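Visitor: Take a look and give me a structure for this.
(2 chains)
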Number of protein chains: 2
Amino acid sequence: MSNPLSPSWLSKPDDANALREGVWPGSAVRNTEGELVFGGVPASELISAYGSPAYVVDQEELELRAKHFHNIVTRACERNATVGHVYYASKALITGHVVQWVSGQGLGFDVASGGEMAIALAGGAPASSLEFQGNNKSESEITAALEAGVGCIVIDAPIEAERIDSIAGSMGMVAPVMVRVNTGVHADTHEYLATAREDQKFGLSPAETAKLVAVIRGSKNLHFEGLHSHIGSQIFQVEGFLEAGTRLIALYRELLEDGPVATINLGGGFGIAYTEADDPMELGAMVDQIVDHVAFEASKYGIPLPALAFEPGRVIAGPAGVTLYSVGVTKPVVVHDDQGSEATRLYVSVDGGMSDNARPALYHASYSARIASRESEAEPALVRVVGKHCESGDIVVSEEYLPGDVAPGDVLAVPTTGAYCYSLSSNYNALGRPPMIGVRDGRHFLMVAGESIDDVLARDQGFSVKAGS
Amino acid sequence: MSNPLSPSWLSKPDDANALREGVWPGSAVRNTEGELVFGGVPASELISAYGSPAYVVDQEELELRAKHFHNIVTRACERNATVGHVYYASKALITGHVVQWVSGQGLGFDVASGGEMAIALAGGAPASSLEFQGNNKSESEITAALEAGVGCIVIDAPIEAERIDSIAGSMGMVAPVMVRVNTGVHADTHEYLATAREDQKFGLSPAETAKLVAVIRGSKNLHFEGLHSHIGSQIFQVEGFLEAGTRLIALYRELLEDGPVATINLGGGFGIAYTEADDPMELGAMVDQIVDHVAFEASKYGIPLPALAFEPGRVIAGPAGVTLYSVGVTKPVVVHDDQGSEATRLYVSVDGGMSDNARPALYHASYSARIASRESEAEPALVRVVGKHCESGDIVVSEEYLPGDVAPGDVLAVPTTGAYCYSLSSNYNALGRPPMIGVRDGRHFLMVAGESIDDVLARDQGFSVKAGS
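Guide: Below is the predicted model:
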């Protein structure tokens, strides 16, 4: 019988050791001792080499996902007699290693700050493969982008066009620019993540875009490259992309009357499965439908298809990452409902939490978990995995079944943490951030060093001052 | 006329330069040039010395608030013939300077990790004034706490009692401990912040607490000091505290039958006004009512009142802090409602956002704002202040009226950012975290150094590796 506290989407598994398909990196298996192994490296080896908690990234999984996305875009565009480009959305997860791996598969980079640009360049990405985004680029960021020679700057407001015009002019160069369009399409997703409805900060309406493109075309310091749209995040259905495509092609047709429009960038937002409740559309079919639809819309007007670009992030990095935690405390909590009947939820406290994964608190995001250090035949129990922060919203996995003998000392693995976990990590409660470890072919290597307490205190200037200052 | 997009709680001000009472530090004024001044230092001087954005903390405001809380607790407890203690909730804001300032007013520290403990000790707080909290303390944290000689460890689960017993035993010492009680009281607050209902990670039910206290009293390595409760955060009404007090006194009476119970800690959670919509109960009256109520409950049973303790954090640090940002982009966005009528919201983009203040995204928290660098007689306009992150939920101030001529180059000040902003800050989008600056009597000084792009990249190990590794 399921626990009455169990949500309807979560089924009690026959085997709470089994790895649910689609949420774990391809290399994740249990070895003969029953321990979880990633990229050929047992979880215990990672914990003893780097400590706990730790972010683990499966290099091969990340590379295969980048390559797959590049392939399906290239294929769909070739079939429609145009060119496809893929820019990896750096905000999902960007480190020096990740840049090399993604760049090696032929993808460019969508960067949204001077910091992301610096990481992409330091990691060896060609500047021409960078697309510089954002609703508020500073003058120094624009200058740095132009000096580096980024492939394109995506303009978000008229004042940015003036600013780039002026900086490019003073540098004696021509800045390649696109314009971010607010198509007004609502993608079906969590409110916070929807980035193309009217009442939000990004982009310009189609009418405002047309006006701004005329200004850009009139400037000798700017070169208009095309249109950019992004309709949301963690999107499971294709409809929003199709509607955005329809609106973009209509605008593209209007703009073609006065000059060339090389590229339409349809953005990212492709969803992944975090739990068994999630059922995203197959990626190849989704991209095929989008590209075919845009081609059809263009053909209706008898106009050529521009180059098409996409910006996947989560769908490449998310399922390549797993976070390892150690269990410190388990505690059954008896909960009474309005009728007075009782049920018990087992709280499992781990040594990280909302500092290393803010998504459950930020977006009510759901995750899954497995014991990594051993298999167990104990009856599955409904658990809530919580962190060690001083806050009741500090939840790591809100609802999951684990072997009921889960206990202090066990290592837990939480999959699909490759995207937006490291990116959003904090030092809440003065916790050091975990290290990030790459794994491949039985080897492991440090990608990002973890923080000690000394590291957390290092910026503080208050330890040697006199009282009263 | 108000903007139709304006929420009902927000009134259009006659003067969008005026400082709303209760949300700004006491030292905040406009100087004769119309510029905002904090602790005697003009905003422009802070920005030119430290860059933008910057956290600013008014030392005197923070000290006065700490002192005030200490005074009202002492007074209320003395009137009821007992002793009062105040522990500052470090998670709200802890740095070396803050430790000195708070410690100097006679408060102890509630610390919830080895990191917070390290900061409190390095900042000069006596170890005996520390109370070590948390639902999952590691063995090394417990060892460090006992070695330092903290005043008390608050036990959250039976397994923690065993662990502390064992560590204290091996060190040949007696550990002073309290037990965290889950009273089941729901404080009226945002779901995430309610920390004392049944179905959450903290504490033990009264029945479980009684069992554990018997175990603790039976151990020669543990000394039972009392009960701890915490019912939530950002609480405006006293009722939840009173109900928790009633339940704690009933449990206290039961425990008194078998031995002494020195202290009841009623926790924190006292709310502050972030905007004109917030109307928290006056702090002195709130503490008086709680203490009087607990004394009355004890008197009903004819038992002596224990020492009482409180743990304020936000109410001390929150209103002492202001974040300064620079405006980079302004953009009017036309929004259509279902009937097709139009309204315009002015989006004001600043150079920080959810990386330096995660609370709007995490808790739908509201803030207010003012132009700091000048006064303006322009007609007030409804604005939304947004950050520079690549995410539509990256909102700094969701709804506010500012002078309609707010423009790039203006410095904005957002008040009540002293608590849970620095604590929860991240490097999202590879942004460096801002510096924190103390101000007092016309002087300014660095409390926490800001991060450069190089600092953000410093932990990354991926910049010198060969391709393929």
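Visitor: From the chain's centroid, how far away is stretch A:152-163?
Guide: The chain centroid and the centroid of stretch A:152-163 are separated by 25 Å under CA atoms, centre = their mean, to the nearest Å.
Visitor: Same question for stretch A:397-413.
Guide: 26 Å.
Visitor: was I right about A:F310 contacting A:V86?
Guide: Yes - taking contact to mean CB atoms under 8 Å, the distance of 5.4 Å between A:F310 and A:V86 places them in contact. The C-beta positions use only the backbone N, C-alpha and C, and glycine is treated the same way.
Visitor: which neighbours do these two share?
Guide: Residues within reach of A:F310 and of A:V86 at once, by CB atoms under 8 Å, 6 or more residues apart in numbering or on different chains, are A:F69, A:V73.
Visitor: pull the longest strand from chain A.
Guide: As far as residue count goes, and with DSSP state E defining each element, the longest strand of chain A is strand A:321-336.
Visitor: Mind checking the pLDDT average for it?
Guide: Confidence over strand A:321-336 (mean pLDDT, whole number) is 96.
Visitor: C-terminal to it, what's the next element?
Guide: The first helix or strand that comes after strand A:321-336 along the chain, using DSSP states H and E, is strand A:342-350.
Visitor: by contact count, what packs against that following strand?
Guide: In terms of contacts (3 or more CB pairs under 8 Å, 6 or more residues apart in numbering or on different chains; DSSP states H and E), strand A:342-350 is packed against strand A:321-336, strand A:380-386.
Visitor: Let me have those in CSV, extended by distance to chain B.
Guide: As requested, those are exported to CSV (distance: least, CB to the nearest CB, whole Å):
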stretch, distance to chain B
strand A:321-336, 4
strand A:380-386, 4
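Visitor: Could you dump those strands into JSON lines and include mean neighbour count?
Guide: Listed next are the helices and strands packed on strand A:342-350 as JSON lines, based on neighbours: other CB atoms under 10 Å in any protein chain shown:
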{"stretch": "strand A:321-336", "mean neighbour count": "22"}
{"stretch": "strand A:380-386", "mean neighbour count": "23"}
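Visitor: Let me have these in JSON lines, extended by distance to B:D110.
Guide: Shown next, in JSON lines, are these (distance: least, CB to CB, whole Å):
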{"stretch": "strand A:321-336", "distance to B:D110": "19"}
{"stretch": "strand A:380-386", "distance to B:D110": "19"}
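Visitor: Which one of these lies nearest to B:N182?
Guide: In terms of CB to CB, the element of those nearest to B:N182 is strand A:321-336, at 7.9 Å.
Visitor: Neighbouring strands - and their directions - for the longest strand of chain A?
Guide: When pairing is defined by DSSP bridges, strand A:321-336 lines up against strand A:54-58 (antiparallel), strand A:342-350 (antiparallel), strand A:411-415 (antiparallel).
Visitor: Output the ones you listed in JSON lines; the columns should cover mean neighbour count.
Guide: Rendered in JSON lines, the data for the strands paired with strand A:321-336 read as follows (neighbours: other CB under 10 Å):
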{"stretch": "strand A:54-58", "mean neighbour count": "28"}
{"stretch": "strand A:342-350", "mean neighbour count": "20"}
{"stretch": "strand A:411-415", "mean neighbour count": "26"}
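Visitor: Spatially nearest residue to A:P319, not counting backbone neighbours?
Guide: Once its chain neighbours are removed from consideration, A:P319 has its nearest residue in A:T416; the separation is 5.4 Å (CB to CB, 6 or more residues apart in numbering or on different chains).
Visitor: residues touching that neighbour, list them.
Guide: Going by CB under 8 Å, 6+ apart, A:T416 touches A:V23, A:I272, A:A273, A:Y274, A:G318, A:P319, A:G321, A:V322, A:Y367, A:S368.
Visitor: Thanks again, I'm all set now.
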